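**Student:** I would like the atomic coordinates for the input below:
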Amino acid sequence: MIESEFKALLRRPDEGELIRVAGVQHLFQLTAADTGGRFAMEEFTLAPGVIGARPHVHHGHDEYFYVLEGELTLHDGNGEVSVGPGHTLAAVRGAPHGYRNASTAPVRGLCLYTPAGYEDYFREVHAAVGAGVEATDTVLTEFRSRFQTTAWPPA
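**Tutor:** Next up, the predicted model:
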């Protein structure tokens, strides 16, 4: 019998790394450390009125959003559209996108990252906010630049 160097990893509901940043709850169930950098997955929750991310572009990774509950307002580069459970947005490298909760009920969804690593952005912002830094657009822009991410439209 040939033994694999890889092992399956099971995450149960509510297991993983919880990071709260700017009104968004990110539960990373898979991170770069879990997948050898290949892939990361989070379940996110936004309270009513919360902006998850203003329109931006990733140059080093792809993101895929899948709505589980509620109504998520997505910016797809052309404008905003509100979608419900079962909708998917593929924001591949170079594709402008953003998201917010414009509804009166919480929104829950999944966000998948390939390759992994962008979870470090959330860790860094969380640590800065915990140290007393205000999460202004200027501060977030500086943090995003460390992860090959720029505002959209470009200034």
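**Student:** any idea how far residue 21 is from residue 132?
**Tutor:** Using Cβ to Cβ, to the nearest Å, residue 132 is found at 15 Å from residue 21. Yep, even glycine has a C-beta here, placed from its N, CA and C like the rest.
**Student:** ditto for residue 126
**Tutor:** For residue 126, the distance to residue 21 equals 5 Å [Cβ to Cβ].
**Student:** these two: which is more packed in?
**Tutor:** More neighbours surround residue 21 than the other of residue 126 and residue 21, with 21 against 17 (other Cβ atoms under 10 Å).
**Student:** the more buried one: what's it in contact with?
**Tutor:** The contact partners of residue 21, by Cβ atoms under 8 Å, 6 or more residues apart in numbering, come to 122, 125-126, 129, 135.
**Student:** which strand residues bridge it?
**Tutor:** Residue 21 has the following beta-bridge partners by DSSP bridges: residue 24.
**Student:** check what pLDDT it gets.
**Tutor:** Note on residue 21: pLDDT of 84.
**Student:** ditto for the one 3 residues further on
**Tutor:** Reading off the confidence values, residue 24 has pLDDT 92.
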